[in-house]
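Asker: give me a model of this one.
(2 chains, ligands or ions: 2)
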Amino acid sequence: MVTALKERTTMEATVPVQQINRQENILSINNLEIFYGENRAVNGISMEIEKNAVTALIGPSGCGKSTFLRSINRMNDLIPGAFAKGEIIYEGLNILAENINVVALRKEIGMVFQRPNPFPKSIYENITHALKFAGIKKKSQLDEIVEESLRKAALWDEVKDRLEKSAFSLSGGQQQRLCIARTIAMKPTVILLDEPSSALDPISNAKVEDLIVDLKKDYSIIIVTHNMQQASRISDKTAFFLNGDLIEYDHTEKIFTNPSVQKTEEYISGRFG
Amino acid sequence: MNSKTADRLATGVFITIAIMITAILAGLFFYIFVNGFKYISFDFLTTPSSNVRAGGGIRDQLFNSFYILLITMLITVPIGVGGGIYMAEYAKPGKITDLIRTCIEVLSSLPSIVIGMFGLLVFVNTTGWGYTILGGALALTVFNLPTMVRTTEDAIRAVPQDLKEASLALGITHWHTIKTVILPTAFPAILTGAILAAGRVFGEAAALLFTAGLSTPRLDYTNWNPFSEQSPLNIFRPAETLAVHIWSVNTQGLIPDVEAVSSGSAAVLVISVLIFNLAARWIGRIIHKRITATK
Ligand SMILES: Nc1ncnc2c1ncn2[C@@H]1O[C@H](COP(=O)(O)OP(=O)(O)OP(=O)(O)O)[C@@H](O)[C@H]1O
Ligand SMILES: [Mg+2]
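Answerer: Ligands and ions are numbered 1, 2, ... in the order given. So this is what the prediction gives:
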C-alpha cells in the first residue's frame, strides 16, 4: 500500500499552485459515523486535519473522542460489532474501505494509548520489536534508531545504561515516553495520542508536551485531552465534541478566547463535563 | 452478624479448609514415603521387573513412564496450543465455535477407561499396531488435549488487550503479534497447564491398559536405533508404565513381594512427579525471564 500511497501523492503535484500554498491537510473526514452494534457513538462528523499541526480533541467523557481517534488507524476493527460509515481520506484513499491494508496503514498512522502499555520485554526490545518486523535487522541501524527515538522522547538519559532491563522496571511516566518512542521509531506520518499524559506526573507531562510540539515539524498529531491548559498550550486547532457530534472546530486560540458556540464556551470554562 | 464478624468467620473457614487440604496432602506423602522409601534402592531402579520371582525392579517401567510422557507431550502441546490460539484469537463467536467448545468440554470429562476402550478400538485394532507406545501416547493425547486447549485459550484471553493493541498499532500483523507478544506473555499459564497435563500422564493407568499394554519386551539400553525391536526408543513396542505396573502387581499379584514392589513403585512415582514438576517450573521460569528481560 505504501507505494500505492506514494503514487497518489505525485498525482497531487498537478493541483494549481495557489492551492499548494494554502495550509495542507493530511486527513479529510467526511460524514463519519461510527457504530457499536446498534448504538451510534459518532454522528456524522466532517473535518479536515492539518498537516504538521497539532489537533486537539476535547469534550466530556463518553462523547466519542477515543472512538473517533481509533477509527483513524482502524483499531476499532478489533471490537466485535463496531463499524464505521462515511470517509476518512488519507493520501487520496478512503482508509475505511474494506480493501485497505490495515497493517501498512498502521505503520503510517501510529498510536499512543491512554494507559502506558509497554511490552513485557526489555526497553531496547520494546523499540526494536516493530522495527525488526518491518525488516530492519542490522544491529547498528537498530541501535541508532533506538537512541534517536529515545532521545526524541526525552527518555535517553534516564535509560541509556539499562536498555536491557525490563520495560516494567520503569515508572509510569517513563513507560509512557517509551511508548511514544517506539511509535516515533516507526516514522509514521500521523501520530494519534489518546490522553497520553493522564497517567503522568507534571514533570513527565511537561516533557511529553515539549516533545509533541517538537514532533509536529515532522508529523501530524491528533491528541485527545481532558486538560484544557494542555490543549491551549500545545495545539494549533481544537475540536470540541459532545455526544458524538462535532460542535465546534477552529484555531485553538479562537476556541479558547472567543468560541462561536455557547456550549463550547460552557465546556472550556468548566461549567459542565 | 456485622460485616467484621462475617469477614473473620469467612477467613477462618478458608484457613481451615486450606489447612485440611495441606494436611491431607502431607499425610498422603508421608504415608507413601514411609511405606515405600525403604524399598527404593539402586537395584530396584536398575533391574527389570519379574513376573513370578521376588526381587524384581522397575527399570523399564520408569523409563516407559518418562518416554510415554515425552511422546504424549510432543503431540499434545503443539496441537493443544494451536487449538487454544485458534479458539482465543481466530474463532468467530457463533454456533460452530460453541459446538467446538462443547465437544472439548465433553471430551475432557470422559472417564479415562472409556478413552482406553476408544484407544483399543482405534489405535490398537483399526491401525493394526497392537499395544504400542504410540497408541498409548495418542490415547493420552485424546485425554489431555481438551485441557491443553482450554488452558491455552484461557491463558491467551488473560493477556491484557492493551498489549495486543500496542503491537497491532505499530503495524505488526496479527500472527506475528500472537507469536511475539501474546504467547510469551501467556507462557507461564500455558506451562502450568502443560505440567498439569504431564502429571495426569504419569498417574494414568486406565487409558494405558488397553493401548500401551501390560508388558514390556526385553530392552537393550545400548540400542539407540528407534526402529529396532529391542530398542527402548522404539515407539511401536508395548510398554508398561509405572502406574500400570502398580495396578498390575496388585491385581495379578503373582510375585511374592507385591507389597514391596507396589509401595516402592508408588514412592518412585510420586518422587518422579515432584522432580518433574519442580524441574519444569524452574526451566519455565528461566525461559520466561529470558523473554521478558526480568531478572
Ligand atoms: N467497546 C465498546 N463497545 C460498546 N460501546 C462503546 C465501546 N467503547 C466505547 N463505547 C461507547 O461509545 C461512546 C463513546 O465512547 P468513547 O470511548 O469514544 O468516549 P471518549 O470521548 O473517549 O470518553 P473518555 O473521555 O472517557 O475517554 C460511549 O457512549 C461508550 O459507551
Ligand atoms: Mg477515551
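Asker: pLDDT below threshold where in chain B?
Answerer: Scanning chain B with the threshold set as pLDDT under 70 gives B:295.
Asker: so which residue of it comes closest to ligand 1?
Answerer: Scanning chain B for proximity to ligand 1 using C-beta to the nearest ligand atom identifies B:Q161 as nearest, at 10.1 Å. To be clear about C-beta, it is placed using only N, CA and C from the backbone, and glycine gets the same treatment.
Asker: and that residue, what is it in contact with?
Answerer: A:L78 (C-beta atoms under 8 Å, 6 or more residues apart in numbering or on different chains).
Asker: measure it to A:I79 for me?
Answerer: Look at B:Q161 and A:I79: by C-beta to C-beta, to the nearest Å, they are 10 Å apart.
Asker: and if you look at B:I172?
Answerer: 18 Å.
Asker: the more surrounded of the two?
Answerer: With neighbours defined as other C-beta atoms under 10 Å in any protein chain shown, B:I172 and A:I79 compare such that B:I172 has more, 24 against 13.
Asker: spatially nearest residue to the more buried one (excluding sequence neighbours)?
Answerer: Setting aside the residues directly before and after it, B:I172 is nearest to A:F133 in space (C-beta to C-beta, 6 or more residues apart in numbering or on different chains), at 5.0 Å.
Asker: OK, contacts around that neighbour?
Answerer: With contacts defined as C-beta under 8 Å, 6+ apart, A:F133 is in contact with B:L170, B:G171, B:I172, B:T173, B:H176, B:T180.
Asker: ranking these by neighbours, who comes first?
Answerer: Greatest neighbour count in the contacts of A:F133, by other C-beta under 10 Å, goes to B:L170: 26 neighbours.
Asker: nearest residue to it in space, please, no chain neighbours.
Answerer: Excluding the flanking residues, the one nearest B:L170 by C-beta to C-beta, 6+ apart is A:A130, at 3.7 Å.
Asker: with B:D162 instead?
Answerer: Nearest non-adjacent residue to B:D162 (C-beta to C-beta, 6+ apart): A:N117, at 3.9 Å.
Asker: pretty sure that neighbour is touching B:S167, no?
Answerer: No. Using C-beta atoms under 8 Å, A:N117 is not in contact with B:S167; the gap is 9.3 Å.
Asker: neighbour count winner among these two?
Answerer: Shown here are A:N117 and B:S167; by other C-beta under 10 Å, B:S167 has more neighbours (24 against 21).
Asker: which residues are in contact with the residue nearest to the spatial centre of chain A?
Answerer: Residue closest to the average C-alpha location in chain A (C-alpha atoms, centre = their mean): A:L192, at 0.9 Å. If you count contacts by C-beta under 8 Å, 6+ apart, A:L192 has them with A:L69, A:R70, A:I72, A:N73, A:I109, A:G110, A:M111, A:V112, A:I222, A:I223.
Asker: mind giving me the packing neighbours of the helix or strand harbouring B:L74?
Answerer: If you go by DSSP states H and E, B:L74 is part of helix B:59-85. Contact here means 3 or more C-beta pairs under 8 Å, 6 or more residues apart in numbering or on different chains; DSSP states H and E; on that basis helix B:59-85 packs against helix B:42-46, helix B:133-157, helix B:183-203, helix B:242-252, helix B:258-292.
Asker: so which bits of that helix are buried?
Answerer: Burial within helix B:59-85, assessed by neighbour count using 16 or more other C-beta atoms under 10 Å in any protein chain shown, is assigned to B:59-65, B:67-69, B:71-73, B:75-77, B:80-81, B:83-85.
Asker: likewise for stretch A:95-112?
Answerer: Within stretch A:95-112, the residues scored as buried using 16+ other C-beta under 10 Å are A:95-96, A:100, A:102-103, A:105-112.
Asker: also stretch B:121-134?
Answerer: Buried residues in stretch B:121-134, counted by 16+ other C-beta under 10 Å: B:F123, B:V124, B:W129, B:Y131, B:T132, B:I133, B:L134.
Asker: now it, how far from the centre of its chain.
Answerer: Relative to its parent chain, stretch B:121-134 has a centroid offset of 21 Å by C-alpha atoms, centre = their mean, to the nearest Å.
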